[in-house]
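Participant: From the sequence below, what's the structure:
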Amino acid sequence: MELSLFDLHCDTAYEMLKQGQPLEANTLAVSLEHAKSFQRYIQVMALWTDYALDDETGWERCLAMMDHLRRDPAIFRRHALLVNAPDRAPDRPTLLLGLEDARILGGKVERVDTLYEAGVRILTPLWKGCTCIGGSHDTDLGLTPFGKNAIRQAVSRGMIADISHASIASANEIFEIAESLCRPVIASHSNAWSVCRVSRNLRDEQIGKILHSGGVIGLNLHKPFIAEPDTAEAKDLLPHIDHFLSLGAEDALCLGGDMDGCDLPPDIQNLSELPKLAELLLQQNISETLIQKIFYENAARFAAQFLKA
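Facilitator: Numbers count the residues shown, from 1 in each chain. You can find the predicted model right below:
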């Protein structure tokens, strides 16, 4: 089966800057070489900064990350495109930008506009602990007043709000903000809490709200979010997929592998090995049509509808 891939989340931009590695061919999980396994390839590059950095240093690192990506030889030579909104059927690998952990806004809402003008279209406002944005998945706290204001500004401009890493309270407030603006909410890299009960995974109620909003959900490859970390393999994603489908997510389920930012299963160590998941789905009598939706079509349709150039 010939596959295309639209992946909603990787941390490769961070590792490229940190290690001085190029996009074309590298020792990372994501590269253009690995992407040759797919007919078409669209990737959301998350701009994440080390939590050990203070907010101001993190902001500067974020700007450096974007600059490093834009200057990459593959982008400069147009072997791959860095865009605000992708073509439905691009003729070359295509990258989009997302921001992961908006604490680096540092209480300055005008930075939302800076990011939007720079091409950031997906906002994952939280990551860990409590920040100027609010409470993450490992807390019971909701959004701060600044967090609400920043997310409202981002969604108003055209960014997509992402509840991966949000606390239940913060996620509920993000849903309310997006609904008031008639915009969708996504979870770019989260699995099903009913299958693997860790705080980063989605409760059924959250899944329902994402579907109601018109959003999408990206399956995460991080072993502790799939099953027992010591034994988790690609096949352990199948119960998550079954659960999402049982809740009506056929047209919303995507991939958001979190590659270069997570502990990958031993049988999927980079992009080129993702087709193994398609083979597992075929063995479970999942149709090729549905597999194509999960790997590409659902995310491509969503981007065409909601991402602005």
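
Participant: Wait, S167 touches T131, no?
Facilitator: No - applying C-beta atoms under 8 Å as the test, S167 and T131 come out as separate, 11.4 Å apart. For the C-beta atoms, the positions are set from N, CA and C on the backbone; glycine is no exception.

Participant: so what's in contact with the two at the same time?
Facilitator: Contact criterion C-beta atoms under 8 Å, 6 or more residues apart in numbering; no residue bridges S167 and T131 by contacting each.

Participant: contacting residues around stretch 243-253?
Facilitator: Under C-beta under 8 Å, 6+ apart, the answer for stretch 243-253 is 192, 194-195, 204, 207-208, 210-211, 215-217, 219, 241, 290, 293-294, 298, 301-302.

Participant: Give me the buried stretch members for that stretch, please.
Facilitator: 243-244, 247, 249, 252-253 (16 or more other C-beta atoms under 10 Å).

Participant: circling back: ok, of the contacts of stretch 243-253, which come out buried?
Facilitator: Among the contacts of stretch 243-253, those buried by neighbour count (16+ other C-beta under 10 Å) are 192, 194-195, 207, 210-211, 215-217, 219, 241, 290, 293-294, 298, 301-302.

Participant: Mark which of these are part of helices, please.
Facilitator: The members of the buried ones among the contacts of stretch 243-253 that map onto helices under DSSP state H are 207, 210-211, 241, 290, 298, 301-302.

Participant: picking that back up, among the buried residues of stretch 243-253, name the ones in strands.
Facilitator: Cross-referencing these against strands under DSSP state E gives L253.

Participant: Would you mind giving the buried residues of stretch 243-253 as CSV with distance to I186 added?
Facilitator: As requested, the buried residues of stretch 243-253 are arranged in CSV below (distance: C-beta to C-beta, whole Å):
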residue, distance to I186
H243, 18
F244, 13
L247, 15
A249, 12
A252, 9
L253, 11
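
Participant: Among the buried residues of stretch 243-253, which one lies nearest to P145?
Facilitator: Checking the buried residues of stretch 243-253 against P145 with C-beta to C-beta, the nearest one is A252 at 31.1 Å.

Participant: what's that closest one sitting at in phi/psi?
Facilitator: Reported as degrees, to the nearest 10, the phi and psi values for A252 are phi -130, psi -10.

Participant: For it, which non-adjacent residue is spatially closest?
Facilitator: With C-beta to C-beta, 6 or more residues apart in numbering as the criterion, A252 has its nearest non-adjacent residue at 4.8 Å, and that residue is V216.

Participant: repeat for E56
Facilitator: Sequence neighbours aside, G106 is the residue nearest to E56 in space, at 5.9 Å (criterion: C-beta to C-beta, 6+ apart).

Participant: how about the one you found, what does it touch?
Facilitator: Residues counted as contacts of G106 (C-beta under 8 Å, 6+ apart) are 55-56, 59, 132.

Participant: go on, V155?
Facilitator: Here V155 is in contact with 123, 161, 177-178, 181, 183 (C-beta under 8 Å, 6+ apart).

Participant: Greatest separation within the residues you listed: which pair is it?
Facilitator: For those, the maximum inter-member distance is 12.9 Å, found between L123 and L181 (C-beta to C-beta).

Participant: Looking at the two, which one has more neighbours?
Facilitator: Per other C-beta atoms under 10 Å, whichever of L123 and L181 has more neighbours is L123, with 28 against 12.

Participant: name the helices or strands packed onto the helix or strand where the more buried one lies?
Facilitator: For L123, the host element (DSSP states H and E) is strand 120-124. Secondary-structure packing of strand 120-124 (3 or more C-beta pairs under 8 Å, 6 or more residues apart in numbering; DSSP states H and E): strand 41-48, strand 94-100, helix 145-157, strand 160-162.

Participant: Same list, the ones you listed, but as a markdown table with mean pLDDT and distance to D87 please.
Facilitator: A markdown table is the format used below for the helices and strands packed on strand 120-124 (pLDDT from 0 to 100; distance: least, C-beta to C-beta, whole Å):
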| stretch | mean pLDDT | distance to D87 |
| --- | --- | --- |
| strand 41-48 | 98 | 9 |
| strand 94-100 | 98 | 7 |
| helix 145-157 | 98 | 22 |
| strand 160-162 | 98 | 18 |
